[in-house]
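1. Any chance you can model this:
(one chain, ligands or ions: 1)
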Amino acid sequence: MQELKLRPYQTDALHRTREAFRSGYRRPLVVLPCGAGKTVLFAYMASQSQARGKTVWFLVHRRELLDQTIATFKRFGIPLRTIHIGMVATYANHPERYPKPDFIIFDEAHFSMAATWQKLINLYPDVYIVGLTATPCRLDGKPLGTTYDTMVVGISTRELIQQGYLSNYRYFAPSVADLSGLKRKGSDFDPESAAELLMQRAVYGDVIGNYRKYANGLQTICYCSSIKHSMAMAEEFQKAGINAVHFDGNTPKAERTRIVQDFRDKKIQILCNVDLISVGFDVPDCWCCILLRPTMSTALAIQQAGRALRPQPGKTAIILDHVGNYTRHGLPDDSREWSLDSKLPQHKEYKADGTLAVTQCPECFFTFPSGSDHCPNCGAEIKKTRQEIRNIKKIHMEEIKRQYRQKTAAAVHEKSDISECRNMSEVMAWCKQNGKKPGYGYYYARSKGMIRA
Ligand SMILES: [Zn+2]
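-> Okay, the predicted model is just below:
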């Protein structure tokens, strides 16, 4: 048994969650990055509620997460007297089988808007709820604010890296196929059409070549676009003499366990999959991620790349993004502003000053937050792109226009009568300031010959 000792940032998140309840909120959504130890933290919170005689439901949405959560409670010797750990679907279908909760903890709370979750939430409108998530956004961008009433945002990924709780990483983004014409399906890219583009001989060659160049021999998780694509990718790695294995949700459990063990023992270098890992499947540590699944989902992008960041002595993770996910979602430790109320703001490819938020070195594909004239990896010179130059010019023009508008407004401010206005823009500004409709201004301007009739 392990002693449950919270890290300082976990204690902080716990205090702030309690503070939220004390301030009258009933359903805080707690945001902590992947690898911050959310389960441990809320196992602790559940055990404290249990000690006060409260009934707690700790609900997850996948079998693998259920096993992991139970294992966490066991590891810290937390007895399950009035704590019930289960699957959301099971509890939603048969709530009568369990004692009524005082308090529900939802893991992976970004799924909260799904019908089964809503059924459960509506069944107990008075029960206190805590939602846990690393990515408080839904793929379709609809807000979570109808379920949760406040948000507790804990430590950031960057701080976790700085404090050594996550490993540092290097991000390379060599593109291997032209994905510009990718079809959409619902709110994300069509995975089949992506797989089609990525299942070409030359692409396989480039993926393998880049693995050799940047991550040769490292334990790697490779995210593919479809099962067929994942199987084919594993086969191509094998042909190249690299031991890779495909697995998916249909792989029998015993075989999955064996594959994971072989990966731990380094008999297998590369695990190819579609989405098994990103939803919380407890795969052991990896040092490299290969991204071959373009996505519009920030949650998915963060979870996939985040897999490589579990700390190990001496580790600097390698992320090979072959599908440009960084252009849509930024780097794994970019700071993000989450909101319960609105659609998640799309990652801005360009900063407010018109330059790219993330720069990619044209020589070595190293990808890093903009601001440097030279690549931090190879020293190559970084020039501004044509689009950046255009953006900067446009921003400059808009500043001039704004200054002009402000000057006009200031000048008009002193005019007490419309007859003092000398041109159309002054007339319109005067109308605005004096509560006159634009039509009045047009009529006046026309009568004075400032505009043609
Ligand atoms: Zn470089």
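2. Relative to Lys384, how far out is the residue of the stretch 51-200 of the chain found nearest the ion?
-> Nearest residue of the stretch 51-200 of the chain to the ion: Phe172, at 9.2 Å (C-beta to the ion). In this view, the C-beta of every residue, glycine as well, is placed from N, C-alpha and C. Distance of Phe172 to Lys384, computed by C-beta to C-beta, to the nearest Å: 21 Å.
3. more neighbours, these two?
-> When neighbours are counted by other C-beta atoms under 10 Å, Phe172 and Lys384 differ, and Phe172 comes out ahead with 21 against 16.
4. So what touches stretch 174-193?
-> With C-beta atoms under 8 Å, 6 or more residues apart in numbering as the contact definition, stretch 174-193 has outside contacts at 139-141, 194, 197-198, 200, 202-203, 206-207, 210, 225-226, 274, 293-297, 320, 322-324, 365.
5. on that earlier part again, pretty sure the residue of the stretch 51-200 of the chain closest to the ion is touching Cys288, no?
-> No. If you go by C-beta atoms under 8 Å, Phe172 and Cys288 don't touch, sitting 10.1 Å apart.
6. Next, show the common contact partners of the two.
-> Contact with both Phe172 and Cys288 is made by residues Tyr214, Ile318, Ile319, Leu320, according to C-beta under 8 Å, 6+ apart.
7. List the residues that contact the last one.
-> Right, Leu320. Residues in contact with Leu320 (C-beta under 8 Å, 6+ apart) are Phe172, Ala173, Pro174, Val207, Asn210, Tyr211, Tyr214, Ala215, Cys288, Cys289, Ile290, Leu291.
8. Among the residues you listed, which one is most surrounded by other residues?
-> Ile290 leads these on contacts (other C-beta under 10 Å) with 28 neighbours.
9. Can you tell me, leaving aside adjacent residues, what's nearest to it?
-> Cys222 (4.2 Å; C-beta to C-beta, 6 or more residues apart in numbering).
10. if I pick the one you found, what's in contact with it?
-> Neighbours of Cys222 in contact, by C-beta under 8 Å, 6+ apart: Ser230, Met233, Ala234, Phe237, Ala244, Ile270, Leu271, Cys272, Asn273, Cys289, Ile290, Leu292.
11. Who is it paired with across the strands?
-> Taking DSSP bridges as the rule, Cys222 bridges to Cys272, Ile290.
12. so where's this structure uncertain?
-> Along the chain, the parts satisfying pLDDT under 70 run over 138-143, 277-282, 342-349, 453.
13. What residues sit buried inside stretch 202-210?
-> Val203, Tyr204, Asp206, Val207, Ile208, Asn210 (16 or more other C-beta atoms under 10 Å).
14. And for stretch 146-153?
-> Buried residues in stretch 146-153 (16+ other C-beta under 10 Å): Thr147, Tyr148, Thr150, Met151, Val152.
15. What of stretch 248-260?
-> Buried residues in stretch 248-260 (16+ other C-beta under 10 Å): Asp248, Thr251, Arg256, Ile259, Val260.
16. Pull the most distant pair out of the residues you listed.
-> Asp248 and Val260 (13.5 Å; C-beta to C-beta).
17. For burial, what's the neighbour tally of Ala195?
-> 21.
18. looking at it, Tyr214 is touching Ile318, isn't it?
-> Yes. Using C-beta under 8 Å, Tyr214 is in contact with Ile318, at 5.5 Å.
19. Around the ion, pick out the residues from the stretch 251-400 of the chain.
-> Applying C-beta under 5 Å from the ion, one finds that the stretch 251-400 of the chain approaches the ion through Cys361, Glu363, Cys364, Phe366, Cys375, Asn377, Cys378, Ala380.
20. so what's the fourth one bridging to?
-> Okay, so that is Phe366. Per DSSP bridges, the residues bridged to Phe366 are Phe172.
21. From here on, call the first residue 59.
-> With 59 as the first residue, the last one maps to Phe424.
22. show me what contacts it?
-> By C-beta under 8 Å, 6+ apart, the contact set of Phe424 is Arg228, Tyr229, Phe230, Gln418, Cys433, Pro434, Asn435, Cys436.
23. can you give me the helices for the stretch 409-511 of the chain?
-> 444-471, 482-491, 496-505 (DSSP state H, counting those that start in this stretch).
24. what sits up against stretch 427-435?
-> Contact partners of stretch 427-435, identified using C-beta under 8 Å, 6+ apart, comprise 228, 389, 392, 409, 413-417, 419, 421-422, 424, 426, 438-440.
25. How about the secondary structure of Gly82?
-> Of the three states, Gly82 takes coil under DSSP: H, G, I helix; E, B strand; the rest coil.
26. Check which residues of stretch 289-308 are buried.
-> Within stretch 289-308, the residues that qualify as buried are Met289, Ala290, Met291, Ala292, Glu294, Phe295, Ile300, Ala302, Val303, His304, Phe305, Asp306, counting by 16+ other C-beta under 10 Å.
27. Then stretch 446-453?
-> Using 16+ other C-beta under 10 Å as the test for burial, stretch 446-453 gives Glu446, Asn449.
28. Whichever strand or helix holds Arg270 and the ion, are they touching?
-> According to DSSP states H and E, Arg270 maps onto helix 259-273. No. Judged by C-beta under 5 Å from the ion, helix 259-273 stays clear of the ion, getting no closer than 11.8 Å.
29. Please enumerate residues in contact with that helix?
-> Residues contacting helix 259-273 (C-beta under 8 Å, 6+ apart): 228, 230, 232, 234-235, 255, 278, 290-291, 294-295, 298, 300, 328, 345-346, 348, 350, 376, 378, 380.
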